[in-house]
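> Only the shape, not the letters, is given here:
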Ligand SMILES: NC(=O)C1=CN([C@@H]2O[C@H](COP(=O)(O)OP(=O)(O)OC[C@H]3O[C@@H](n4cnc5c(N)ncnc54)[C@H](O)[C@@H]3O)[C@@H](O)[C@H]2O)C=CC1
Ligand SMILES: O=C(CO)COP(=O)(O)O
């Protein structure tokens, strides 16, 4: 796999393009905004989404999606709630058998579907759909700082080919067949990161944050298993790994949004002040609906959803979580 297409010129699409260049691949990025295409091609930067980083001059950006589909594999890096629409646009022109790799982290609000389920509804049936997830702040990956990720793909041969295509010494993919576990870990950790930010913003202490994240991981694992995922996936890079990262760093958009909420800022004001996508805000309600459908108890996600979407006040919501009955671990 020599030529890789990247659908999405936001922070993550741009960082992935840079890491693909480090892996020696030819890269074509499709960006929606003409200004992003122009900045990447002419000035080798993406000041709108990933400022202050010099990009490899050989990253080619395009406003024409077909250019990015003329590839041996295509990374899908649009925000989760837009991924289906983007794929519907691309589907008629998708080349036969070229694998798609989902890099978005979220659950579709309208359908409650995971990204690979939604994408498989619109892309041609012969397209293998893989998932890339794990602890990866774009701002660190683009600079070549080391990390490791999960590459989930049903077919082991295809998965290993993708690992070889995207892997470098500082971007180390580990293959698994468990797309469900990888996706649920990546999507729900965003909701947990908001909760963790709230704990920090309200100065509830380090103990509270550790307890919240441990119980949060239990919630995520229950949902993944109920949906058909493997519990061990949630102990890996796309579960525990990404939860540790996102739920403890102000670099995270989800954690920083929670932190600001915890300090008492209104959600609308926080969102009005940022252009970047904060996936947990959209995923919270979808997780709660999915958990209800599968009969899974997810009290932390439900609390975040209540605060974000149903006008619940923080203090009584926290008190209600603390008042839950004691039970076996
Ligand atoms: N930034 C990061 O560190 C990481 C992000 N991700 C995931 O990658 C996905 C994309 O995130 P970022 O690149 O960070 O987003 P971003 O906030 O940097 O950029 C937003 C992107 O969404 C596109 N967009 C906005 N409205 C759209 C629409 N209606 N249809 C299609 N595209 C639209 C914009 O053109 C832009 O490319 C998210 O699901 C995120 O969770 C995953 C790992 C790391
Ligand atoms: O997914 C991410 C890191 O792995 C990025 O997290 P945020 O979207 O919260 O910044």
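Good, I have the coordinates. Keep in mind it's a predicted model, so treat the numbers as computed, not measured. Ligands and ions are numbered 1, 2, ... in the order given.

> Show the subsequent helix or strand relative to the helix or strand containing residue 16.
According to DSSP states H and E, residue 16 maps onto helix 11-22. Later in the chain than helix 11-22, the nearest helix or strand by DSSP H and E is strand 26-30.

> I figured residue 257 hits residue 194, correct?
Yes. Counting by Cβ atoms under 8 Å, residue 257 does reach residue 194; the two are 5.9 Å apart. Quick note: C-beta positions are derived from backbone N, CA and C, even for glycine.

> Who has more neighbours out of the two?
Neighbour comparison, residue 257 and residue 194: the larger count goes to residue 194, with 33 against 25 (by other Cβ atoms under 10 Å).

> From residue 237, how far out is that one?
21 Å (Cβ to Cβ, to the nearest Å).

> Residue 185 too?
Taking Cβ to Cβ, one finds residue 185 at 8 Å from residue 237.

> what's the overlap in contacts for the two?
133, 150 (Cβ atoms under 8 Å, 6 or more residues apart in numbering).

> higher neighbour count, these two?
For residue 185 and residue 237, the more surrounded residue by other Cβ under 10 Å is residue 185, and the numbers stand at 33 against 26.

> before we move on, which element is that one in?
Using DSSP H and E, residue 185 sits in helix 179-201.

> C-terminal to that helix, what's the next element?
Per DSSP H and E, helix 179-201 leads on to helix 206-226 as the next helix or strand towards the C-terminus.

> Give me the distance between that next one and the centre of its chain.
Relative to the mean C-alpha coordinate of its chain, helix 206-226 is positioned 18 Å out (Cα atoms, centre = their mean, to the nearest Å).

> how about that helix: buried residues?
Under the neighbour-count criterion of 16 or more other Cβ atoms under 10 Å, helix 206-226 has 208-209, 212-213, 215-217, 219-226 buried.

> Please apply the same query to stretch 84-96.
Result for stretch 84-96 [16+ other Cβ under 10 Å]: buried residues 84, 86-87, 90, 94.

> For residue 154, which non-adjacent residue is closest in space?
Excluding the flanking residues, the one nearest residue 154 by Cβ to Cβ, 6 or more residues apart in numbering is residue 177, at 5.7 Å.

> what sits against that neighbour?
152-154, 156, 159.

> for this structure, where's the lowest mean pLDDT among helices and strands?
Lowest on mean pLDDT, DSSP states H and E among the helices and strands of the chain sits helix 65-69, with a mean of 95.

> Within range of ligand 1, give me the residues from the stretch 1-150 of the chain.
For the stretch 1-150 of the chain, the residues in contact with ligand 1 (Cβ under 6 Å from any ligand atom) are 8-13, 32-33, 49, 77-80, 82, 86, 103-106, 136-138.

> quick one: the residue in the stretch 1-150 of the chain that ligand 1 sits nearest to from residue 126, how far?
Shortest the stretch 1-150 of the chain-to-ligand 1 distance, computed as Cβ to the nearest ligand atom: residue-wise this is residue 10, at 2.3 Å. Distance from residue 10 to residue 126, counting by Cβ to Cβ: 28 Å.

> Just want to know which of these two has more residues nearby.
residue 10 (23 against 10).

> Need the per-residue pLDDT for the closest residue to the more buried one other than its chain neighbours.
Nearest residue to residue 10, sequence neighbours excluded (Cβ to Cβ, 6+ apart): residue 49, at 4.7 Å. In this prediction, residue 49 carries a pLDDT score of 97.

> pretty sure residue 49 contacts residue 11?
Yes. Shown here, residue 49 and residue 11 form a contact pair, counting by Cβ under 8 Å, at 4.5 Å.

> what sits against the residue of the stretch 1-150 of the chain found nearest ligand 2?
The stretch 1-150 of the chain approaches ligand 2 most closely through residue 136 (4.4 Å), counting by Cβ to the nearest ligand atom. By Cβ under 8 Å, 6+ apart, the residues touching residue 136 are 12, 15, 147, 149, 242.
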